[in-house]
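Novice: one predicted model, sequence on top.
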Amino acid sequence: GGFVLVMLGRVWGDGGLLGLVFAGVAYLAVIALLVWGYTITSVLRAHDEGERSISNLAKIPKTTFATIERPITYVVEVVLLIVFIVLLNWAKMQPGQFKRHDWTSLKPGERVFALSSKTKQVLSRLDKDVNVIVFMTPPASADQSSIYEDVKELLTRFSARSRHIKVEYIDLHRQLTRAQVLVQKYRLNMSEAVDLESGVGGLVVFVSGDKQKYVNSNDMADFDFQQGPQGEYTQSVRSFKAEEAFLNALVNVTQTSQLRVCFTQGHGEPDINDSKEFGFVYAKELLKREGFLVEALEKLGERVPRRCDIVIIAGARTKFTEREAASLKSYLSDGGKLFYGAARVEAVGNSVRFVRTGLEELLQSVGIRVEAAFALDLSMRAMRTPLIWMPEKTWGDHPITKVMDGKRLVLEMPRVIGKVAKEGWKLTSLLETTSGKEAWGERRLDFALDPSANPEYDPNEDISSPVSVGVAAEEDKPGGGRVVVFGTFLNFTNRYLDPNLPMQDFSADFLLNVLNWLGHKEGMISLRPRTPERIKLELREEQVKRIFRVTVFGMPFMAMLLGLLVWWVRKS
């Protein structure tokens, strides 16, 4: 039976109907051969017993047939067992040569583990080895909500599709030493891998050559959290989106070209090697880990170097020269990509002001105006001060923000970023305040000197809501320039990107989304999240007792009756 199943499954997957017919004929031929051999052996044995016709075989004692039957049965069983084991090992050594089916839903588009056509296409073209290290701990109990089995099944399907996918699972409870070696090797943060006490969370690292990309649990699934009567929190999986995350990671580590990101220096910007609170060392490490090349651009000169795919100007506090501004304008006109993060206000005596960087005219040429005003939203204030607030539901409709809905940022005194219609450029707000009375653009900057102050909206001076704190501009022509301006650079400093700090926001995700869009990598595959099936069999007490009676008493009793029936038939 095992031989038949393996053979039929094999030919069904490769040979189609013709192979299936051939396997069926071959199997029937084997059965006919066994029956023929059994008959000939019986006749020869009967001849030795003195019988001369087949019609007299019924007179032969049953012990004679038993003598003939046992060796043939043993030989057949052993041969079939050997063939079955050989086929299993052979199939194991043929990745991608067998088929897996997903029956989690009757509707094909809603099956949790069925790979999309895009995934199959990428895996079929994969020609580089990719090591996948899974830092996850199996759930301690069946009641604990976990995506461990879902991730394992999905990666099994990835490896079944391509022999270049090698998966290693690290159980942090049992393989802590191995985990520590890998964490140090790939510069990971252990706290992101998994919560050792609860087993919740996880980290999956994709490595190919010198490139690597990691996917955390928030990238693999969306969770719902509920507070219990004792104050404890439990989580449940709302949607499973690991296929998109894994596929994008796979493409990221196997692509041949890398984008080069150039940070301008020399205008008061933080240093990319500075590990202090407002440095950029963690931003640099994040980008390197995601496959970007990172470089400090000390001098712009008359022309931005061609090797710079994206230029980042973040936190500049001194003015760019006219020649530098002209080189950036020429860079954009040639299809360049620019990310501008506004600097903080600076205290000058008893007042504060925003520094003019000399790039205001350049930004206005693409339709973006950096206002001398704070963006405030008291409905989302995070602390006592109104100058710090946390948006998470007011993201715009843009490829940068398509996966940011529900993910919050902690904003400290962000500037208002205005839009001005400009021919040839398409402008989109990335993040806004709400449109209520508690949000506006505050032009009185002195509030920055007194964080406990309570500013009020002045319709004659302030900017009415909603106001933007981030705008993306795209030139309306093939290969045109792209610009993103954000109202603060703080979210991309070590203060927010250091994984060892308790700050919980999604600044890293936003930064990567911005750079991927600027670098025309927004085409990284976007797949619809799946809703995993959580089926729990609920049985009444009477049903449990019935199952117990059938399995513990009924089945053995039936086997005993069958044995008695066989004994009675042979005896009679």
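Specialist: Arrived safely.
Novice: can we go C-alpha only for contacts and neighbour counts from here?
Specialist: Fine.
Novice: for the chain, give me the ranges with low pLDDT.
Specialist: Confidence mapping of the chain against pLDDT under 70 gives the ranges 1-113, 140-145, 189-201, 225-235, 383, 451, 500-504, 522-539.
Novice: and the residue nearest the centre of it?
Specialist: Nearest to the geometric centre of the chain sits residue 245, at 2.5 Å (CA atoms, centre = their mean).
Novice: which residues of the stretch 301-450 of the chain fall in strands?
Specialist: Secondary structure of the stretch 301-450 of the chain, counting by DSSP state E, counting those that start in this stretch: strands at 310-314, 337-341, 346-348, 351-353, 368-377, 388-389, 411-412, 415-419, 425-432, 439-442.
Novice: pairing partners for the first one, with directions?
Specialist: This means strand 310-314. Strand 310-314 sits in its sheet next to strand 260-264 (parallel), strand 337-341 (parallel), going by DSSP bridges.
Novice: what of the last one?
Specialist: Here the strand partners of strand 439-442, with direction, are listed using DSSP bridges: strand 368-377 (antiparallel), strand 463-464 (antiparallel).
Novice: pick the most buried one from these.
Specialist: strand 368-377 (a mean of 24; mean count of other CA atoms under 10 Å).
Novice: which residues are contacting it?
Specialist: 354, 360, 363, 386-389, 413-420, 433-434, 438-445, 467-469, 471, 473, 485, 487 (CA atoms under 8 Å, 6 or more residues apart in numbering).
Novice: just the buried ones from the residues you listed, in ChimeraX syntax?
Specialist: Buried residues within those, by 16 or more other CA atoms under 10 Å, are selected in ChimeraX with:
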select :354,363,386,387,388,389,413,414,415,416,417,418,419,433,434,438,439,440,441,442,443,444,445,467,468,469,471,473,485,487
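Novice: still on that earlier bit, which residues does the residue nearest to the centre of the chain contact?
Specialist: Applying CA under 8 Å, 6+ apart, the residues near residue 245 are 215, 219-220.
Novice: with residue 445 instead?
Specialist: 351-353, 373-374.
Novice: follow-up on the earlier one: include distance to residue 157 when you put the strands paired with strand 439-442 into TSV, please.
Specialist: TSV is the format used below for the strands paired with strand 439-442 (distance: least, CA to CA, whole Å):
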stretch	distance to residue 157
strand 368-377	46
strand 463-464	53
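Novice: which among the ones you listed is found nearest to residue 512?
Specialist: The closest of the strands paired with strand 439-442 to residue 512 is strand 368-377. By CA to CA, the value is 21.4 Å.
Novice: ok now the closest one, how far from the chain's centre?
Specialist: Put simply, strand 368-377 sits 35 Å off its chain's centre (CA atoms, centre = their mean, to the nearest Å).
Novice: one more: stretch 487-502?
Specialist: 23 Å.
Novice: for that stretch, give me every contacting residue.
Specialist: Counting by CA under 8 Å, 6+ apart, 189, 275-283, 314-315, 341-344, 370, 409-417, 469-470, 503, 505, 507-508, 511 sit against stretch 487-502.
Novice: any chance of the contacts of residue 445 in a markdown table, plus distance to residue 166?
Specialist: As requested, the contacts of residue 445 are arranged in a markdown table below (distance: CA to CA, whole Å):
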| residue | distance to residue 166 |
| --- | --- |
| 351 | 60 |
| 352 | 57 |
| 353 | 56 |
| 373 | 53 |
| 374 | 50 |
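Novice: closest to residue 289 out of those?
Specialist: Checking these one by one against residue 289 (CA to CA), the nearest turns out to be residue 374, at 33.5 Å.
Novice: can you give me the neighbour number for residue 355?
Specialist: Residues lying near residue 355 (other CA atoms under 10 Å) number 16.
Novice: I'd assumed residue 346 was in contact with it.
Specialist: Yes - between residue 355 and residue 346 a contact is recorded at 7.4 Å, counting by CA atoms under 8 Å.
Novice: for residue 204, give me its contacts.
Specialist: Here residue 204 is in contact with 132-136, 214-216 (CA under 8 Å, 6+ apart).
Novice: returning to that earlier point: what about the strands of the stretch 301-450 of the chain, which gets the closest to residue 271?
Specialist: Once the strands of the stretch 301-450 of the chain are compared by CA to CA, strand 310-314 is nearest, at 10.2 Å.
Novice: what does that closest one contact?
Specialist: Under CA under 8 Å, 6+ apart, the answer for strand 310-314 is 259-264, 269-270, 336-343, 489, 515, 518-519.
Novice: phi, psi for residue 222 please.
Specialist: phi -100, psi 130 (degrees, to the nearest 10).
Novice: numbering from 15 from now on, please.
Specialist: That works, and once the first residue is 15, the last one we named lands at residue 236.
Novice: that one against residue 252, yeah?
Specialist: Yes - counting by CA under 8 Å, residue 252 is a contact partner of residue 236 at 5.4 Å.
Novice: what's the closest of the contacts of residue 459 to residue 170?
Specialist: Relative to residue 170, and with distances defined as CA to CA, the nearest of these is residue 388, at 50.4 Å.
Novice: Throw the contacts of residue 259 into a markdown table and include secondary structure, distance to residue 554 and neighbour count, thanks.
Specialist: Shown next, in a markdown table, are the contacts of residue 259 (DSSP: H, G, I helix; E, B strand; the rest coil; distance: CA to CA, whole Å; neighbours: other CA atoms under 10 Å):
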| residue | secondary structure | distance to residue 554 | neighbour count |
| --- | --- | --- | --- |
| 229 | strand | 42 | 20 |
| 233 | helix | 39 | 18 |
| 234 | helix | 36 | 24 |
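Novice: looking at those, which is nearest residue 411?
Specialist: Among the contacts of residue 259, and counting by CA to CA, the member closest to residue 411 is residue 233, at 19.8 Å.
Novice: gap between the closest residue to that closest one other than its chain neighbours and residue 251?
Specialist: With sequence-adjacent residues excluded and distances taken as CA to CA, 6 or more residues apart in numbering, residue 233 is closest to residue 259, at 6.3 Å. Using CA to CA, to the nearest Å, we find residue 259 at a distance of 16 Å from residue 251.
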